[in-house]
Each structure stands twice: as C-alpha cells, then as structure tokens.
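K.L.:
would you be able to build a 3D model of this:
(2 chains)
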Amino acid sequence: MTRFSKVHLAVVLPLMSGLLLYLGAPVPVQAAFGLVSALLAPGFLASVLVRRRYPGTVTEVALGLIGSVGMLIVLGVVLNLLPWGLTPATWSIALIALTLVLAVGVFRRPRSHPETEAARDADRPSSSSPRERRFAPVAAAVLACAALLITATLVTTSSQRDSVQAQRLTELSLSQKRGIPHIHITNAEGGPMTYRLVISAAGRPAQTMEVSLQDGEQWNRDLKAVPAKTARGDEPVLSVALFRADDRAPYREVHLNRAPL
Amino acid sequence: MTTPSGFGRRASAPGPTQAWSWRRSEGSAQPRPRRALATPDPPPGPLARWLPEWPHSDPHPGPSRAHLALVVICGGVLLICLAYALGRRGQPGAAALFWAGQGAIVVPYVVRVLAPRTPFGERALLLGGVSALQSFLTWAYSPDQFRFPDELQHLRTLNDILRTDHLFTPNSYLAVSPGFPGMEVATAAVHDLTGLSGFYAALVVVSICHAILPVLVLGMVKELTGSVRTAAVAGLVYGTALHHPHYNALFVYGAVALPFMVLAVWAAVRYRRPGMRVLAILPPAVVTTMTHHLTTAAMVGLLLGCVAVMSLAQAERRKVVTLAVVTVAVAAGAVGWTATTAPDTFGYLGGPLRTIVAALRSSGSGKPEAPMSSSPPLWESLMSMASAGITLGLVGLGVIAVWRSAAPRYVRWFSALGGVYVLVLAVRLLAPGGAELATRALSYAMVLVALPAAAGLVWLWQSGTARWRGVAAILAASVMMAGTVTAGLPPWWERIPGRFWIGGYESGVDRAVELSGRWAERATPPGARAACDLSICSVVASYGRATVSTTASSVYYGTAEELPQRLATLSLDYVYVDDRMSEQLPILGIYFFRDDQEGRHATALDPALLTKFETTPGMDLVYDNGHVHAYAAKRAWK
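P.N.:
Just a heads-up that it's a prediction; the model follows:
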C-alpha cells in the first residue's frame, strides 16, 4: 500500500466507523473499524502533517498509536466543555472532524504532499525477490506465534472460568425500600439449587417457601405480608433464613430491626 | 501533534551522526577522530588501559531473526499462561513452568537486542513486542476483571465518566484521580467508538502505551547517541524498571502518562540540534499534565535536567534560555491544571516527599516497612540485590565509557545524570516505605539510567575475548530482567494466581469479595460510609461508590461495648466482615487501612472480634454470601 493511499484510508476509516456506529453494527465489526480509526488514523495523519516526509514503518506505527491516544485525551477534555459531553455520538463527530482537519492540512502542506511521496515510492527500486524469499519463514513464524498466543488465550480463559466456578456460593440479602422489606437471592453454586426460605417476623415464622434456581439465576421478592409495626409501635424484627434442600442448619441468614439482646 | 522523531530516517537525511560532527568540534580546536569498534586507540596510561570506552558506532546490520525470536518468546508466554492455569487449579509445578517461560522470553530477547548486527527493525519490534506480551501476561493474570486496588480506583473514575458523560466527578476512593482523567478519557473514547466493554477498552489503551514506551526510549537515546544498538539496549534497560513488566501494564494513570513524558524529554533532547523547534515539547507535556501528577513532576525534573545538561555542554545560550522558559511554562501549566482540577494533589504528594526528606536528613534512621508475614525465598532476594548491583555497576561503567569516548559534551553530561540511580537506591535503603517509593521512582529515573547502563552493556559485549565477550553482557542483562520479576509486582506470594490471600493485592479479590462489591453497587446508596478490610474496601469503593473509612480498624479490634461509640465517631453506614480474617494472617501485615495492629499480627483475628457485630444491638445483617457479611450500622449509633 502506498503512503498516498494510507492517507486516504486514514480519512475514510473514521467516516465508516461513525456510520457503523450510527447503524448499530455488530460489536466485532464496530470494534475493528473503531480501533483503527480512533487509535491509529489521527496520530498517523498528525505525524505526516508535522514531519517533512512520510514516516517509516516503525515511526508510522509508534507515532500513529501514541499520537492518537494523546489526541483522544485532549479531545475528551474539550468535549467535556460542551453540554453533550463524552457520548458515542460526540466522540464520533469529533473524531471525524479532527481527521478531516488533519487531512486537509496534510494535502495542503507542499512538502508532505502525497503525490510527491507516491511518485517517490514508484521510483524506488523493487526489492521483491529477497522479500519473496523471506516470505515463507516469516509467514510460518507469524502463524506459529498466532497459534501459541491463541492457545495461551484459551488456556487462560478456560482456567479462569473453572476457577471462578469452583468458588461456589449463594448470596442472600435483605433490604428495605420505602419501608417494604426486599429479599434477594443469587445462586452461584455452579448448578441448580433448591432452597427453603423461612421468614420470621417478631420471632414468629411468617412464611416458608421453596425456591429453585438455576446457576446464575436471581430471585427477588418484596415482603408485603409482613406487619409494618408491632403492637408496641416498633418495627418488627425480621429474620430470613435460607436452607439448602434438607439441611437443618441455615445456609445463609440475614435480619433487620433486631431488638437488643 | 508535533512529535520528535529519530527513527525511520533514511541514510540521506541529516541524522545524529552528522549532528555529532558538528558538536564534536565544540570546545576543542581539533575534533577527536572517531574510533573504530575493533581497533580502539591505544590507551595513554596504565590506568586508562583498564577503563571502559563506549564503542558508539554500529557495525553493518545482518539478517533479521525477529521471527524466530518471537516464536520462542511466544512459547515462553504460553508456558507462563500454563503456569497460571496450574496455579488456578491448585496443581504443583506452576512455579517451575513460570520460570521456564520467563527464561524463554528473556534469553532470545536479550541476545537479539544486545547482538551487534541485529537490524534496527528487529530491535524495535522486539522491544515493542515483548512489552506488548507483558501486557498480554498482565491480562492473563487477571483475565476477567480488574483486581489490583489501584486499578479499581481508576475503574471508579472511568465508570463515573461513562455514567455522567462528563469529567471530574468526585471519587472518594482516590480523590486525585478525577483531576487527571487522561487515561480514563482515552478508555471512554475507545469504549464509545468500538462498543468494547470498559475492561477491554482499558486493556487496549494501556497495552498500546506500555508497548510503545521502550520503543520511545529507543528513539530518544538514538537521538542522543546516533547508535541504534545502544539505543535499543537502552530500551531494554528501561524495561528493567521494577514496575515496568506488571504494574505499568495495569490500568493505572502512570502507565498512560509515561510514554508522553518520554516524548517530551525526547523533544527537549532533540532541540539541541539546529533547526529544531522547542514547541514540540508542549503537546506531549500537555497530555502528561492531564494524565498523571507524579509523571508530570518527573517530566519537569527531567526537562530541568536537559536544561542543565545543555548549559553544561555549553550549547547556544539562546537555546538554553528558551528551553528553560518552556520548562518553567510547562511547570506553571502543570501547577495551574492541578490547582484547578485536583487541588488535593499537593497534599497527596507532599506526604511521601516529607517522609523521604526527613529520612534522608536523619541519615539512615528510617524504620523498615511493616514486616510481612513471610519473606521471599533467599535466592529471590539475592537475585533482586544482584540486579540492583549490576545496574549500579553498569551505570558507573557506562558513565566512564561515555566520557572516554568521542561523544559530544551533551551526551556525556546526559549520561552523568544516570547517577540518579544512586539516589534511588539511597531512598530504597534509608526512607521508611523506601521500597515502594524507590520502585515507583525507577519508572522515571530509568529514562536517565538507560543511556549509561546501555553504554556499559555494549562495552561489556565488545570487551574481552571473542568467546566470552557476549556471555557476560547477556548474563548481566538477564539477571537485571530476572530482578524485575523477583523485586517487582506481583510479589512472590501471589506471583501465580489461584490462592486467596486476605488483604492481598489481586489475590485478595476472589468471587466472594467481588460479589460483595456488586451487591454494594445495587443495594447501597453512593457515598455510604463503610468500614471494611483492604480487599473488600477496594470493591465496595469502586463498584458501590462507597466512601470507605481509612481509620476503621478500631471498629474491629474494639470490644462489643465500645462498638456503638466507635461507629458513631466514624458515622459508619455499613460494616463489612470477611470471616477469613479469623483464619488467615494478613500477608501484607495489615488487614485494614491504617491498621492499629500493623505488623503486630502473630495470629489471625479472634473470631469473637468478628461475631460481636452479630450480637450488637441495632446492627442489621443485610448481606451474607458465606464468607462476606455486610451489616447496616446506622441504627446502632443513630
């Protein structure tokens, strides 16, 4: 790819990225275009703009990446001054505007005019033969690296998933929203569970129910049947005990408004 | 953005070598002749014969072996990931696999970067590639979420930006973080423009900055010396800063600010050449200022160092004055930004500074840090010491070698700034908490240390007999890199993930702790005041936006009778209890922020200290996940 076409690509990509964002494209497509347009294009255009010549490959990548990150930071601080703030739409519009401004600068700057560089590229002697000779081992090495890193990724994600699933637990919580007690249960035991829920108000069992949950499933319930006040006018002691299947000891226990012992 | 350059230059372009011939004639009537690599000039005296001299010119590059080196390095990465997997499954052999993987990464990397005939592209690729793979390994260490406390502090700032679409929302967990939002802004941009989650967007941003950093050091040193080899070795040496492989690859603001700091220093170094513009310093300086306070302070210090070096090198007076003015302007801008957006920063940075000064003034009376429950293996301590000793030796060798070479005055004086390494070691040995301070300082000091240490390594390779000349340099660099693993993060006790450590860094955040943070997010109001241990505090302050008390250890250590009064004093809304505090000693010597019993824990907490919350009137147990219990405390004291 000539440097001339790279400049055009750097202008087109943010536009396409903005369009994909507007159309609600799938995340992988949006991510591919978004990453290049946000993290490479602005920095590349800026480095072409401020330098007398088009940068070499290493410089191109290094300044493209770090320059883009720097410009995103400054752009974000500027966007914060606007009433809309930092939203996907404002980021997209700002990025397109920035890219267009940089591109205009690149095309207007005589010493860095892409056509000059394109002509220079064309005049450069071809080195296809040595490159072709080196292509096979380099391609093989790239494939080997990719295979090793993909394996490493799979090993990591699967071992982490297993490790998290091995930490089996159930969450029980009790809260009050506008005076109404609310129970929340999450099953994170790694499989389906059946619980027995015993709710006591003012020391007396008020309700018993059975709850079956799949792994990762949540259960929420407002306790509207519980009396709001005791005969003395106090809020009642409310206890919730969660039992596993046939266990006699509570597995989880929470309480509200417990009186002094 | 105006950015300095130094690599990717064609042979016909005016380069540092030509700048040297211009500089070399300074201060002497006759320019010193350039010395060939293989045939140094005969030394003038018996002492000089044994003194090193830096061979600054590079031999003709040979064929690239980058593809082979990278395959071996990727193999090493796979071995480390397998070690992590074994650790998570609690199986033996993880440590051996981990070190085998480190060896597979370090050896080809060091050999190819140090070798005289490695081409420029391969050196740059290896520097950037290995740094990128370090980011990969940091992800592999905690692949599903942030766990390090500092990351969780910044995650709260990021979530605030994504929630409000605006900057500067107060963050009680790290009050200075919203005032330096650079990293979070870039992450929010990637999140909004790509649809990636905040976690993966952050990984992308930080990985880019981490991968680029040693390449920028390469560019800066190449600008100074004109030698691709020395510059690449300097990039390698920079990578031995203790925080580089892991901490500076985490979601922490210094990681993103560092490359911009190096860019600013690079621009300042480049300014000494004719026709260069001093304003090139400003764009990276502005980004650094918006991103991290400490890096900004270090950047101003490094720019002042450049002014001093220019002055000592008898550069054009106008240029010295201009650079000084720009440095003062950068400092003033940084103070202005900090005073406007994060005035707490001055107090935040003042504490450690006062500690260092007091310790240095009292000449070594600094007390050691809180003792940890266990010490690292002896060989790891020896490796860390050897690494520091070798770096110190190389800096000394390098400064002598550069001064004896035909390098211009500017380069000589710049290499002398590498002596700052001695100061860092002094802080390490003398100041209380010196290990952490010195480790953090090395991320900045290594920008100066890299040149002389690299010159020392290059000299080491060139000297001696043909058979052994490379071996010593490879060994030295390998020990330096191993030292970054043994003395850096993660510490030895959580180097392999898998085991839960109460109050640990990443190892303190297991599923029970994480879920307590998620519960706080959905069930407790933002800003609720909470007492908790270190690990739970990091998740409830980050996910739940709680205001965690940093003086609440007395709540846990006190008796049941004293509890209501203590809760009232701290106005606590919630108290979190992890029952594993009664099973494990704190690996860092503390369970809580400002632990009253710091360093005095001989046994785990008495279970009665934790069950007293259950029996205290007015304490409502509102959350239970088996290990972590949350109590609503307000009724007990209000």
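
K.L.:
count of neighbours near B:M310?
P.N.:
26 (other CB atoms under 10 Å in any protein chain shown). Where you see a C-beta, it was placed from the backbone N, CA and C, and this is true even at glycine.

K.L.:
and it, what pLDDT?
P.N.:
Note for B:M310: predicted pLDDT of 95.

K.L.:
quick one, phi psi at A:P181?
P.N.:
Main-chain torsions, A:P181, degrees, to the nearest 10: phi -60, psi 140.

K.L.:
residues of the stretch 151-261 of chain A that sit close to chain B?
P.N.:
Proximity of the stretch 151-261 of chain A to chain B, by CB under 8 Å from any CB of the partner chain, involves residues A:151-153, A:155-160, A:162-164, A:167, A:169-175, A:184, A:186, A:188, A:252-261.

K.L.:
which of those fall within strands?
P.N.:
Judged by DSSP state E, those include A:169-175, A:184, A:186, A:188, A:252-256 as members of strands.

K.L.:
of those residues, which pair is most distant in space?
P.N.:
A:A188 and A:L256 (23.4 Å; CB to CB).

K.L.:
report how many residues lie close to the one residue in the stretch 1-150 of chain A that gets nearest to chain B.
P.N.:
Relative to chain B, the nearest point of the stretch 1-150 of chain A is A:G56 (2.6 Å; CB to the nearest CB). Neighbours of A:G56 under the rule other CB under 10 Å: 16.

K.L.:
so where is chain B shaky, pLDDT-wise?
P.N.:
B:1-46, B:356, B:359-374, B:464-467 (pLDDT under 70).

K.L.:
residue nearest the middle of it, spatially speaking?
P.N.:
B:H243 (3.4 Å; CA atoms, centre = their mean).

K.L.:
OK, contacts around that residue?
P.N.:
Residues near B:H243 by CB atoms under 8 Å, 6 or more residues apart in numbering or on different chains: B:439-440, B:442-443, B:488-489.

K.L.:
how close does it sit to B:P490?
P.N.:
To B:P490, B:H243 is 12 Å away according to CB to CB, to the nearest Å.

K.L.:
again with B:M261
P.N.:
25 Å.

K.L.:
higher neighbour count, the two?
P.N.:
Counted by other CB under 10 Å, B:M261 and B:P490 do not tie: B:M261 has more neighbours, with 29 against 20.

K.L.:
how about the helices in chain A?
P.N.:
Using DSSP state H, the helices of chain A run over residues A:3-23, A:27-39, A:41-50, A:57-80, A:88-108, A:114-123, A:128-166.

K.L.:
so who does the nearest residue to A:G76 once chain neighbours are set aside touch?
P.N.:
Once flanking residues are discounted, A:G76 sits nearest to B:V185: 3.3 Å by CB to CB, 6 or more residues apart in numbering or on different chains. By CB under 8 Å, 6+ apart, the contact list for B:V185 reads A:72-73, A:76-77, A:86, B:161, B:167, B:290.

K.L.:
ok, which stretches of the stretch 51-200 of chain B are helices?
P.N.:
B:66-88, B:94-114, B:120-141, B:149-164, B:182-194, B:198-225 (DSSP state H, counting those that start in this stretch).

K.L.:
export those to JSON lines and tack on distance to B:G618?
P.N.:
Listed next are the helices of the stretch 51-200 of chain B as JSON lines, based on distance: least, CB to CB, whole Å:
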{"stretch": "helix B:66-88", "distance to B:G618": "41"}
{"stretch": "helix B:94-114", "distance to B:G618": "47"}
{"stretch": "helix B:120-141", "distance to B:G618": "42"}
{"stretch": "helix B:149-164", "distance to B:G618": "30"}
{"stretch": "helix B:182-194", "distance to B:G618": "39"}
{"stretch": "helix B:198-225", "distance to B:G618": "38"}
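
K.L.:
compare these and give me the one nearest B:G456.
P.N.:
Comparing the helices of the stretch 51-200 of chain B under CB to CB, the one sitting nearest is helix B:94-114, at 11.8 Å.

K.L.:
check whether the closest one comes near chain A.
P.N.:
No. Helix B:94-114 lies apart from chain A when judged by CB under 8 Å from any CB; the minimum separation is 9.9 Å.

K.L.:
any stretches of the stretch 1-150 of chain A with poor pLDDT?
P.N.:
For the stretch 1-150 of chain A, the stretches flagged by pLDDT under 70 are A:1-4, A:52-55, A:110-133.

K.L.:
can you give me the helices for the stretch 251-400 of chain B?
P.N.:
B:253-270, B:282-291, B:293-312, B:317-341, B:344-361, B:378-404.

K.L.:
could those be laid out in CSV, adding distance to chain A?
P.N.:
Shown next, in CSV, are the helices of the stretch 251-400 of chain B (distance: least, CB to the nearest CB, whole Å):
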stretch, distance to chain A
helix B:253-270, 5
helix B:282-291, 4
helix B:293-312, 13
helix B:317-341, 10
helix B:344-361, 17
helix B:378-404, 25
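
K.L.:
let me know how buried residue 162 is, in neighbour terms.
P.N.:
Using chain A here. 13.

K.L.:
not quite, go with chain B.
P.N.:
Applying other CB under 10 Å, I find that B:L162 has 17 neighbouring residues.

K.L.:
contact partners for it?
P.N.:
B:188, B:191, B:198.

K.L.:
then B:A523?
P.N.:
A:173, A:175, A:184, B:622-623.

K.L.:
swap in A:Q176?
P.N.:
A:Q176 touches A:182, A:256, counting by CB under 8 Å, 6+ apart.

K.L.:
could you do B:A388 as well?
P.N.:
B:425, B:428, B:483, B:487.

K.L.:
from the residues you listed, which single one is nearest B:W519?
P.N.:
Using CB to CB, these come closest to B:W519 at B:A487, 37.2 Å.

K.L.:
thought that closest one was touching B:H244?
P.N.:
No. Contact status for B:A487 versus B:H244: not in contact, 11.6 Å apart, counting by CB atoms under 8 Å.

K.L.:
tell me how many other residues surround residue 206.
P.N.:
The chain I'm using is chain A. 16.

K.L.:
not quite, go with chain B.
P.N.:
Neighbour number of B:V206 under other CB under 10 Å is 27.

K.L.:
which residues does the residue nearest to it when sequence neighbours are not counted contact?
P.N.:
In space, and not counting its chain neighbours, B:V206 is closest to B:A255: 5.2 Å by CB to CB, 6+ apart. When contacts are counted by CB under 8 Å, 6+ apart, B:A255 touches B:183, B:206, B:209-210, B:247-249.

K.L.:
for chain A, state which of the residues you listed is nearest.
P.N.:
For those, the nearest to chain A is B:C209 (6.4 Å; CB to the nearest CB).

K.L.:
ignoring the adjacent residues along the chain, who's closest to residue 102?
P.N.:
No chain specified, so I'll use chain A. Closest to A:L102 by CB to CB, 6+ apart is A:L45, at 3.8 Å.

K.L.:
wrong one, I was asking about chain B
P.N.:
B:V485 (6.1 Å).

K.L.:
quick one: the one you found is in a helix?
P.N.:
Yes. Looking at B:V485 with DSSP: H, G, I helix; E, B strand; the rest coil, it is inside a helix.

K.L.:
number of nearby residues for the closest residue to B:Y574 other than its chain neighbours?
P.N.:
Excluding its sequence neighbours, the residue lying closest to B:Y574 (CB to CB, 6+ apart) is B:A530, at 4.5 Å. Each residue near B:A530 was counted by other CB under 10 Å, and the total is 25.

K.L.:
and B:A530, its phi and psi?
P.N.:
phi -130, psi 140.

K.L.:
for it, give me its contacts.
P.N.:
B:A530 neighbours (CB under 8 Å, 6+ apart): B:520, B:524, B:537, B:540-541, B:544, B:546-549, B:572-576.

K.L.:
that one pairs with what?
P.N.:
When bridges are called by DSSP bridges, B:A530 pairs up with B:V548, B:Y574.

K.L.:
distance of it relative to B:L572?
P.N.:
7 Å.

K.L.:
which residues do those two both contact?
P.N.:
B:S549.

K.L.:
having no further points to raise, I will conclude here.
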